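Asker: Provide a 3D model corresponding to the input given below.
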Amino acid sequence: MIDGIKLYLKDNYNVLLKILNYFKYKDINKHDYEIRCAKPDGDNNSTVRIKLNEHLTSNDFSLAFKGDLFGLISKHSDLTYGEVINIIKLIIDKKINKIESKSEIFDGFFDETYVEYDYIIQEYSRDILKEYEQCWNKRFLNDNILPGTQIKFNLGYDNKSERITIPWFNSEGNVVGVMGRINKDETTKYKYLPLIAFPKQFFLYGLYQNKEYIRNNRVYILESEKSVMQLDSMGIHNSVALGGNSIHNYQIEELLKLQVTEFILCFDEGLDIEVIKTAISNIRECLFMRDDVKIGVLLDKKNKIIKKGSKCSPTDLGLVAWNELINSHIIMGR
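Answerer: Next comes the predicted model:
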């Protein structure tokens, strides 16, 4: 497989260029049968050489590195060799179609790289999760996610990538994708990566597990999978996560099928107010000519509970803080 990818890239310069741009190599120039460029944190365009041969032999002369392209990228990033290959496969398969300079992939929701998926939805049986070790983990326990909750949401561990596995399900309980959370403390822009890529805008994390609690009830709409699991560990089950801060029509319709009475947006601290307004507008469009469903936003405007600049989720501070936020800091509207 790896040799096949190398041969493909050798003969498809435009795709190879897209990959180098994605990993932020600079001042890229092709000379006959090799590429010269600057590394992501450098400005010397002769530092990196990539030969357009069947091995994609690569050098970083500033580090005396010699290997292949995947090893070169791994050397310059926080990624393992296997993770580099997984991202390159996504680019080749056009599951990452468009890359702009304004963002970084997968760590948060379109933080620095705009990611556009092909809208091909693939479902898998739960047997696919047997590829990962089925276990709870201490890292999430330290984030107040109890072992019972981790088991309920089918968390596991991928020994190849050394990532905690977080499967996503559709409303029928079929696996549609798996996110992987790096099992390290150091800061990295690749904290979350898809182990099985999928278009998040068509799904809601926690909907399958929590739908009977959401039916005919208010629903708390959060950004991250972790927030849904934190609430579950508090005994609160009427929540879902977007995997980001954009809500799409399909997600709204999925909730309306459950006769939701209130949409309560509970975004992380510090989110731009325009993003919140857009989310409200999207929900309102789907509620056209309906007056039986309300929209609310959880906002700690004066940061009485959530520290300013913390980027915390409303669930990060525990049950007492959550209850105070829910009781005193929800602004209701239509």
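Asker: Name the helix or strand for residue 243, please.
Answerer: Assigned by DSSP states H and E, residue 243 falls within no helix or strand.
Asker: Now the phi/psi pair for the residue lying closest to residue 85 once chain neighbours are set aside, please.
Answerer: Taking Cβ to Cβ, 6 or more residues apart in numbering, and ignoring the residues beside it in sequence, residue 85 has residue 70 as its nearest neighbour in space, at 5.7 Å. Bear in mind the C-beta positions are built from the backbone N, C-alpha and C, glycine included. Residue 70 adopts backbone torsions of phi -70, psi -40, taken as degrees, to the nearest 10.
Asker: Quick one: neighbours of residue 70, just the number.
Answerer: 22 (other Cβ atoms under 10 Å).
Asker: try the one 4 residues further on
Answerer: Using other Cβ under 10 Å, residue 74 has 18 neighbouring residues.
Asker: just the one 10 residues further on next, same as before
Answerer: The tally of other residues near residue 84 (other Cβ under 10 Å) stands at 21.
Asker: mind starting the numbering at 506 from now?
Answerer: That works, and once the first residue is 506, the last one we named lands at residue 589.
Asker: Can I take it that it is in a helix?
Answerer: Yes - under DSSP: H, G, I helix; E, B strand; the rest coil, residue 589 falls within a helix.
Asker: Could I get the full set of helices for the stretch 556-705 of the chain?
Answerer: Per DSSP state H, counting those that start in this stretch, the stretch 556-705 of the chain carries helices over the ranges 574-581, 586-597, 643-647, 652-657.
Asker: For the stretch 656-805 of the chain, which segments count as strands?
Answerer: Using DSSP state E, counting those that start in this stretch, the strands assigned to the stretch 656-805 of the chain run over residues 661-663, 668-674, 680-687, 697-701, 723-727, 744-746, 767-771, 799-803.
Asker: Give me every residue in contact with the fifth one, excluding its own residues.
Answerer: Contact partners of strand 723-727, identified using Cβ atoms under 8 Å, 6 or more residues apart in numbering, comprise 733, 736, 741, 743-747, 752, 760, 763, 765-772, 801, 818-820.
Asker: Parallel or antiparallel, list what pairs with that strand.
Answerer: Strand partners for strand 723-727, identified by DSSP bridges, are recorded as strand 744-746 (parallel), strand 767-771 (parallel).
Asker: avg pLDDT for it?
Answerer: Averaging pLDDT along strand 723-727 gives 98.
Asker: angle of that strand against strand 799-803?
Answerer: With axes from the mean of the first three to the mean of the last three Cα atoms, to 10 degrees defining the directions, strand 723-727 sits at 40 degrees from strand 799-803.
Asker: if we can go back for a sec, any idea which of the helices of the stretch 556-705 of the chain is most buried?
Answerer: Mean neighbour count (mean count of other Cβ atoms under 10 Å) peaks for helix 574-581 among those, with a mean of 21.
Asker: who does that one touch, helix- and strand-wise?
Answerer: Using 3 or more Cβ pairs under 8 Å, 6 or more residues apart in numbering; DSSP states H and E, the elements in contact with helix 574-581 are helix 507-515, strand 553-556, strand 562-565, strand 570-573, helix 586-597.
Asker: Mind putting these into a markdown table with distance to residue 544 and mean pLDDT?
Answerer: Shown next, in a markdown table, are the helices and strands packed on helix 574-581 (distance: least, Cβ to Cβ, whole Å; pLDDT from 0 to 100):
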| stretch | distance to residue 544 | mean pLDDT |
| --- | --- | --- |
| helix 507-515 | 18 | 90 |
| strand 553-556 | 5 | 96 |
| strand 562-565 | 6 | 94 |
| strand 570-573 | 10 | 90 |
| helix 586-597 | 14 | 87 |
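Asker: Mind putting the ones you listed into a markdown table with distance to residue 785?
Answerer: Below are those laid out as a markdown table (distance: least, Cβ to Cβ, whole Å):
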| stretch | distance to residue 785 |
| --- | --- |
| helix 507-515 | 44 |
| strand 553-556 | 46 |
| strand 562-565 | 48 |
| strand 570-573 | 49 |
| helix 586-597 | 32 |
